[in-house]
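Asker: Everything below, folded, please.
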Amino acid sequence: MPLIKTLRGKTPQFGKNTYLAETATVIGDVVMGNDCSVWFNAVIRGDVNSIRIGNKVNIQDGAMVHCTYQKTQTVLGNNVSIGHHAIVHGCTLEDNVLVGMGAIIMDHCVVGSNSIIAAGAVLLEHTLVEPGSIYAGVPAKKVKTVSKELVSGEINRIADNYVMYAGWYEKEKEK
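Answerer: Residues are numbered from 1 along each chain as shown. Presented below is the predicted three-dimensional model:
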């Protein structure tokens with residue numbers, strides 16, 4: 001069973017068709033939309049500030065979503081994929097964003113819609129990613145503009161696939 005924990009009077013809230021893996025952890029002031037998934041060993045800690053998550057968001061294995069006490073909340077738009085072992089901390093990710101495996105996004109960053117943060121990239125505090133950009137490196141810098149093919153072939157494909165994968169796990173529960 002996933003660990004869903006009430007803290008400081010706040011209980012996580014989940015939309016329709018949400019999949020939580022058995023080892024997922026969701027704590028405190030977290031509100032999640034529809035068609036979301038939180039995978040194995042992923043942690044969403046709304047213990048020190050609020051976390052708001054849109055629809056069709058997947059938080060993959062080992063990822064951490066957190067915020068900073070009295071300073072930053074975390075807001076994830078719709079159609080967002082957070083890759084394995086990524087850290088998303090006190091920032092805003094607008095709609096249609098792909099965060100690669102092991103990427104780190106720090107406090108006060110804003111990632112514009114239709115953007116990709118490459119695997120292993122580190123967005124330092126206060127980084128503003130213009131919509132439709134690919135950022136890579138340490139510290140992360142813009143390396144490219146996202147093409148329409150990348151929006152449909154990567155950003156949307158991955159978000160859609162994770163809804164499908166969650167369905168596979170839900171069907172197994174029914175057996």
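Asker: what about residue 107, which SS state?
Answerer: Secondary structure for residue 107, judged by DSSP: H, G, I helix; E, B strand; the rest coil, is coil.
Asker: for it, what are its contacts?
Answerer: Applying C-beta atoms under 8 Å, 6 or more residues apart in numbering to residue 107 gives the contacts 67-68, 71-72, 89-91, 125-126. Backbone N, C-alpha and C define where each C-beta goes, glycine included.
Asker: Skipping its backbone neighbours, what lies nearest it in space?
Answerer: Leaving aside its sequence neighbours, residue 107 sits nearest to residue 90 (C-beta to C-beta, 6 or more residues apart in numbering; 3.6 Å).
Asker: The one you found contacts residue 70, doesn't it?
Answerer: No. In this structure, residue 90 is not within contact of residue 70 by C-beta atoms under 8 Å, at 11.0 Å.
Asker: anything in contact with each of those two?
Answerer: By C-beta under 8 Å, 6+ apart, the residues touching both residue 90 and residue 70 are residue 49.
Asker: the more surrounded of those two?
Answerer: Remark: of residue 90 and residue 70, residue 90 carries more neighbours, 23 against 7, as counted by other C-beta atoms under 10 Å.
Asker: quick one: that one and residue 73, what's the gap?
Answerer: 7 Å (C-beta to C-beta, to the nearest Å).
Asker: shared neighbours of those two, which are they?
Answerer: 49, 67.
Asker: And the contacts of the helix or strand containing residue 88?
Answerer: For residue 88, the host element (DSSP states H and E) is strand 87-89. Here strand 87-89 makes contact (C-beta under 8 Å, 6+ apart) with 63-68, 72, 74, 76, 82, 99, 103-107.
Asker: switch the cut-off to 10 Å
Answerer: Outside strand 87-89, the residues within contact range by C-beta atoms under 10 Å, 6 or more residues apart in numbering are 43-45, 51, 59, 62-68, 72, 74, 76, 80, 82, 97, 99, 102-109, 111, 117, 122-123, 125.
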